[in-house]
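1. Give the three-dimensional model of this entry:
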Amino acid sequence: MQYILAIDQGTTSTRAIVFDHAGTIVSVGQREHQQIFPRAGWVEHDPMEISANTRDVVGEALARADLNLGDIAAVGITNQRETAVVWDRTTGKPVYNAIVWQDTRTQSIVDDLGALGGGAERYQARTGLPLATYFSGPKVKWILDNVEGARAKAEQGELLFGNTDTWTLWNLTGGVNGGVHITDVTNASRTLLMDLDTLDWDTDIAAEMGIPISMLPQIRSSSERYGNGGPGGVLKGVPIAGILGDQQAATFGQVCYEVGTAKNTYGTGNFMLLNTGEEKVPSRNGLLTTVCYQLGANKPVYALEGSIAITGALVQWLRDNLGMIGSAPEIEVLAADVDDNGGAYFVPAFSGLYAPYWRADARGALVGLTRYVNKGHLARAVLEATAFQTREVLDAMNADSGVALTELKVDGGMVGNELLMQFQADILDVPVIRPKVAETTALGAAYAAGLAVGYWQGLDELRANWSEDKRWTPGLAAAERERIYRNWKKAVTRTFDWVDDDVN
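-> Numbers count the residues shown, from 1 in each chain. Okay, the predicted model is just below:
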């Protein structure tokens with residue numbers, strides 16, 4: 001029997017997961033990496049730490065399943081998107097830490113580009129994305145502008161760029177000794193540099209950002225053989241055959257292959273994707289138009305996406321910065337001590353607000369406080385913030401698509417929180433459904449790789465693997481649902497216009 005290995009290079013950790021033909025988990029290896037915060041609004045990772053962790057977790061997953069490389073038919077990669085790495089092609093060393101998708105240091109770059117004409121919508125018709133600090137392109141420009149000698153090296157063809165999928169693939173396929181410099185269409189669509197129609201780099205946008213085309217990886221489909229594990233490496237000789245950005249991977253793992261199907265992933269942030277088929281649907285309600293996946297030579301499938309910056313990260317903040325809980329699961333116990341939020345609303349605009357607002361000037365706010373509010377109410381407000389933000393995205397998605405979703409498939413680390421999932425169903429007024437295999441991000445990458453090497457024969461085989469684990473149905477009265485949602489919307493407005501020239 002052979003297996004598929006998925007590498008999930010995420011925002012807080014890197015995992016390797018072995019899947020069998022039924023799409024069930026055989027073994028897991030996982031390592032967290034350091035979150036680096038040099039200044040307010042700056043978020044970085046050490047790419048060398050991520051690369052070392054990747055090697056370690058692959059070995060760990062194989063050892064736990066008592067497998068060797070001959071047992072692995074192919075490897076798929078999924079990754080935190082929009083997190084930019086720039087490295088020296090000769091030494092293999094990054095010229096700067098990876099700048100993480102949550103980082104807001106590029107706001108002045110974004111403002112300057114918008115001032116050239118068109119504002120936040122300057123590139124939206126071509127890329128599907130508004131001008132925002134979220135995306136990779138401005139981060140690359142910041143590195144070239146601020147790291148001594150970087151721009152000269154880039155212009156001489158000595159530097160390479162990639163999101164963490166490209167960095168991981170390059171290292172696994174040999175690094176300085178013949179590493180493959182490739183990304184897939186889903187990751188490329190998150191850079192602000194790719195034309196959604198041609199699926200190629202837009203040379204005009206790259207020139208405006210001052211990014212040499214020689215730095216950029218070749219864009220390929222999400223499911224094809226990119227290369228084999230490099231000689232002497234942890235995956236020596238094994239085909240690496242699938243790449244999907246993490247949210248697209250979760251959509252693929254949730255078998256959202258039909259137009260109108262959607263999923264929501266609950267991780268560091270929240271990301272809802274709606275399959276729009278081969279049609280590229282522009283958003284009028286603050287969503288992103290993105291590539292959902294492309295299988296080999298087939299036409300690309302597009303999606304509308306609602307991106308929320310801070311959800312699970314708010315629980316992590318409560319644990320690490322405030323010490324209110326010792327572990328993430330404790331928040332459910334604490335929140336269950338109270339019946340409601342006590343009138344408190346927590347808007348976690350730590351990196352500004354993403355969809356549907358795109359307000360870089362927003363910052364977090366805890367409002368509605370009275371002396372009645374206790375730590376249980378605060379814990380509940382933290383969880384409810386995730387559900388409220390998801391409701392805003394779903395409303396925008398319904399408006400853009402013209403079709404109201406009738407159910408929502410969910411996955412990610414927070415879907416084990418029963419209180420949150422029930423409140424999510426209540427505030428959306430639609431059923432929320434969790435699959436038996438909740439690790440759908442890694443599963444989607446495994447599926448893409450397995451399809452490329454014939455391990456799975458087609459999408460029907462993948463659909464047959466999906467099964468429901470639990471369903472939450474709405475139980476909140478309509479008047480109460482709309483009352484608390486109205487208060488949430490009011491709370492959001494209190495976060496606007498915080499950042500100005502002398503306030504970060």
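2. what about the helices in the stretch 1-150 of the chain?
-> 47-64, 107-114, 124-127, 136-146, 150-155 (DSSP state H, counting those that start in this stretch).
3. can you redo those as TSV with mean pLDDT and distance to residue 179?
-> In short, each C-beta sits where N, CA and C put it, glycine included. Rendered in TSV, the data for these read as follows (pLDDT from 0 to 100; distance: least, C-beta to C-beta, whole Å):
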stretch	mean pLDDT	distance to residue 179
helix 47-64	96	11
helix 107-114	94	29
helix 124-127	94	27
helix 136-146	97	19
helix 150-155	96	18
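4. Dihedrals phi and psi, residue 444?
-> Backbone geometry at residue 444, expressed as degrees, to the nearest 10, gives phi -60, psi -40.
5. can you pull the contacts of it?
-> Residue 444 makes contact with 76, 78, 244, 248, 249, 250, 251, 252, 253, 254, according to C-beta atoms under 8 Å, 6 or more residues apart in numbering.
6. Out of the residues you listed, name the ones that lie in helices.
-> Helix and strand membership here follows DSSP state H; of these, those in helices are 248, 249, 250, 251, 252, 253.
7. measure the residue lying closest to residue 236 once chain neighbours are set aside to residue 332 for me?
-> For residue 236, ignoring the flanking residues on the chain, the nearest one in space by C-beta to C-beta, 6 or more residues apart in numbering is residue 229 at 5.0 Å. For residue 229, the distance to residue 332 under the criterion C-beta to C-beta, to the nearest Å works out to 40 Å.
8. if we can go back for a sec, identify, out of the helices of the stretch 1-150 of the chain, the most deeply packed stretch.
-> For those, the largest average neighbour count (mean count of other C-beta atoms under 10 Å) is found in helix 136-146, namely a mean of 23.
9. quick one, what contacts the closest residue to residue 55 other than its chain neighbours?
-> Closest residue in space to residue 55, ignoring its immediate chain neighbours: residue 234 at 4.7 Å, by C-beta to C-beta, 6+ apart. Contact analysis of residue 234 by C-beta under 8 Å, 6+ apart lists 54, 55, 58, 59, 172.
10. Compute the distance between the last one and residue 423, please.
-> The reference is to residue 172. In this structure, residue 172 and residue 423 are 41 Å apart, going by C-beta to C-beta.
11. More neighbours: these two, which one.
-> In this view residue 172 and residue 423 are compared by other C-beta atoms under 10 Å, and residue 172 has more residues nearby, 28 against 25.
12. what about that one, distance to residue 5?
-> Distance check for residue 172 against residue 5: by C-beta to C-beta, it reads 11 Å.
13. and the closest residue to residue 13 other than its chain neighbours, how many neighbours?
-> Leaving out its chain neighbours, the residue that sits closest to residue 13 by C-beta to C-beta, 6+ apart is residue 32, at 4.4 Å. Neighbour count of residue 32, defined by other C-beta under 10 Å: 12.
14. Hmm, residue 10 and residue 32 touching each other?
-> No: under the criterion of C-beta atoms under 8 Å, residue 32 makes no contact with residue 10, lying 9.5 Å away.
15. could you point out which element follows the longest helix along the chain?
-> Residue-count comparison of every helix in the chain, with assignments taken from DSSP H, identifies helix 375-401 as the longest. Note on helix 375-401: by DSSP states H and E, the next helix or strand toward the C-terminus is strand 408-411.
16. So which elements touch that next one?
-> The elements that strand 408-411 packs onto, with contact taken as 3 or more C-beta pairs under 8 Å, 6 or more residues apart in numbering; DSSP states H and E, are strand 262-266, helix 418-428, strand 432-435.
17. for those, which one sits closest to residue 489?
-> Minimum separation from residue 489 across the helices and strands packed on strand 408-411 (C-beta to C-beta) falls at helix 418-428, 12.0 Å.
18. Give me the contacts around that closest one.
-> Under the criterion C-beta under 8 Å, 6+ apart, residues 266, 332, 335-336, 380, 383-384, 386-388, 390-391, 394, 408, 410, 414-415, 431-432, 434, 470, 472-476, 481, 484-485 lie in contact with helix 418-428.
19. Show the buried residues in the residues you listed.
-> A residue is treated as buried here by neighbour count (16 or more other C-beta atoms under 10 Å); on that basis the buried members of these are 266, 332, 335, 380, 383-384, 386-388, 390-391, 394, 408, 410, 414-415, 432, 434, 472, 474, 476, 481, 484-485.
20. Which strands border the helix or strand hosting residue 240, and is each parallel or antiparallel?
-> In this structure, residue 240 is located in strand 239-245 according to DSSP H and E. Strands that pair with strand 239-245, judged by DSSP bridges, come out as strand 72-79 (parallel), strand 223-228 (antiparallel).
21. can I get these in JSON lines with mean pLDDT?
-> Supplementary listing: the strands paired with strand 239-245 in JSON lines, determined by pLDDT from 0 to 100:
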{"stretch": "strand 72-79", "mean pLDDT": "97"}
{"stretch": "strand 223-228", "mean pLDDT": "96"}
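22. Buried deepest among the ones you listed, which one?
-> For the strands paired with strand 239-245, the stretch with the most neighbours on average is strand 72-79, a mean of 28; neighbours defined as mean count of other C-beta under 10 Å.
23. what's the angle between it and helix 246-253?
-> Relative orientation of strand 72-79 versus helix 246-253 (axes from the mean of the first three to the mean of the last three C-alpha atoms, to 10 degrees): 130 degrees.
24. Could you tell me the angle between strand 72-79 and helix 47-64?
-> 140 degrees.
25. residues contacting residue 162?
-> Under the criterion of C-beta under 8 Å, 6+ apart, the contact partners of residue 162 comprise 84, 85, 169, 170, 181, 183, 217.
26. Surely residue 471 is in a helix?
-> No: the assignment for residue 471 (DSSP: H, G, I helix; E, B strand; the rest coil) gives strand, which keeps it out of a helix.
27. distance of residue 27 from residue 62?
-> Taking C-beta to C-beta as the criterion, residue 27 is separated from residue 62 by 8 Å.
28. before we move on, what about residue 128?
-> For residue 128, the distance to residue 62 under the criterion C-beta to C-beta works out to 38 Å.
29. How much space separates residue 156 from residue 446?
-> Applying C-beta to C-beta to residue 156 and residue 446 gives a distance of 39 Å.
30. Strands of the stretch 151-300 of the chain, start to end?
-> Along the stretch 151-300 of the chain, the segments classed as strands by DSSP state E, counting those that start in this stretch run 159-163, 182-184, 194-195, 200-201, 218-220, 223-228, 239-245, 262-266, 270-277, 288-293.
31. so which of these comes closest to residue 17?
-> When the strands of the stretch 151-300 of the chain are ranked by proximity to residue 17, the top entry is strand 239-245, at 13.0 Å, counting by C-beta to C-beta.
32. Now that closest one: buried residues?
-> Buried residues in strand 239-245, defined by neighbour count with 16+ other C-beta under 10 Å: 239, 240, 241, 242, 243, 244, 245.
33. Could you tell me the end-to-end distance of stretch 296-315?
-> 39 Å (C-alpha to C-alpha, to the nearest Å).
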